[in-house]
Each structure stands twice: as C-alpha cells, then as structure tokens.
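A.B. asks: Sequence first, then the predicted structure, then my questions.
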Amino acid sequence: MENRKSQIIELALRNISERGYLSFSYDDLAKELNVTKASIHYHFMKKEDLGLAVCAKIKVGLETTYNEVVQLDANPKERLWAFIFKRTEKIGDNEICPLSSLQADYNYIPESMQKAVHGLSEMEIRYTQNLLEDINDERKGPGFQDTPAMAALMIASVKGALQYRRVLGSDFLFSVSTQLKKMLEMEK
C-alpha cells in the first residue's frame, strides 16, 4: 500500500518536472500506473493533497542533499558545487527542476501549496547562501559582499539553464555552470 503511494508521488513529481502541475491529471497517473483513478484518490483525495506530498518529498530531498554535502570532506567551493550538481543530476534532459515548475504555476496552485512552495524556495536559497558563507569564512580577505544576492543569482542561473537545456541541449547547462565557477573564482 505504501509502495503504491510512493509510486504515485514519484510519478507526479516526474509529471511536474516534464509538464507542470496544471498539465497532468489523475487520469494520466492512473493510465501510467495501470490502475483506476479511484486507486489514486484512495491515497490522495484531492490533487492538492498529492501536490503537498510532492512538496514534502522535495523538502526531504533538499534537506538530505544539504546535510550530505556539509558532511563531505571537501573544501567549501566543492561542497557548494556538490549541492548544486546533486540537485540537478536527478533532473532528466527533458525535465526542469520540479520546484521551478511549481514556481511557474504558483499563481494557479492552491494556497496550501503556495505556502509550501514559498518555504521550499526560501530553503533552497538559504542552503545555497550558507554554502557561500562557508566559502567566505575560508577566504583570507574579503568575500562575497552580498551572499543572499549571490545565492539567488546562482540558483536562478542554474534553474534557467535547466530550462534552456530542454531546447538547446546539455552543453548549455555545462556552459552556464562553467561560467558560474569562473565567477566564483574572480569574486573576492
């Protein structure tokens, strides 16, 4: 029973990454899982309930990745890139970040999901900011002047590159990542 619930959440997550929250239905999920819509409703009465379960899964993923990365025996820059790449490596070539997809649908999702997406967005920026502050702490001399702005720039750049990758291919994401790394080296 719990396995079916997990399958539904994973499938919804993939659909959100590929098509967006608004563009899939319980009928789509039921067909892909070869079950009835009633089977989906048994686990998630409303699509909002499923959306909140997806948000909870994203939250666990963010927390787990961050906690794994801060424990790495690596320098702060390597930990920052590990965080970014661990989060992006799970996203297929024809997908975008599921959080970005939910952000794109933000004005049209239920208020409970808006609150969850808002919290996840803040968490992602805070984790990136923490990793940038670790780099500042390690540096001899001035570091990043505005770590919240730098964190937002990095996240926006990587998330945008994931969207462009759908159209222009994997080299685009690589190019953006390379430029961000160079920018971090120049920032003193």
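C.D. replies: Ah, there it is. Numbering: from 1, shown residues only.
A.B. asks: Could you list the low-confidence segments of the protein?
C.D. replies: Along the chain, segments meeting pLDDT under 70 span 1, 140-143, 186-188.
A.B. asks: in it, which spans are helices?
C.D. replies: Ranges of helices in the chain, per DSSP state H, are 2-19, 26-33, 37-43, 47-70, 76-88, 98-104, 111-138, 147-168, 170-186.
A.B. asks: counting contacts, what elements does the longest one pack onto?
C.D. replies: With contacts taken as 3 or more Cβ pairs under 8 Å, 6 or more residues apart in numbering; DSSP states H and E, helix 111-138 sits against helix 47-70, helix 76-88, helix 98-104, helix 147-168. Just so you know, the C-beta spots here come from the backbone N, C-alpha and C atoms, and that holds for glycine as well.
A.B. asks: Show residues contacting the second one.
C.D. replies: Okay, so that is helix 76-88. 61-62, 65-66, 68-70, 72, 74, 97, 127-128, 131-132, 134-135, 137-138, 154, 158, 162, 173, 177, 181, 184 (Cβ atoms under 8 Å, 6 or more residues apart in numbering).
A.B. asks: and if you look at the first one?
C.D. replies: Helix 47-70 is contacted by residues 5, 8-9, 12-13, 16, 21, 25-26, 40, 43-44, 79, 82-83, 86-87, 98-99, 102, 109-110, 112-113, 116-117, 119-120, 123-124, 127, 130-131 when judged by Cβ under 8 Å, 6+ apart.
A.B. asks: and if we set it to 7 Å?
C.D. replies: 8-9, 12-13, 16, 21, 26, 44, 79, 82-83, 86-87, 98-99, 109-110, 112-113, 116-117, 120, 123-124, 127 (Cβ atoms under 7 Å, 6 or more residues apart in numbering).
A.B. asks: Please point out which parts of that helix sit buried.
C.D. replies: 47, 50-55, 57-59, 61-62, 65-66, 69-70 (16 or more other Cβ atoms under 10 Å).
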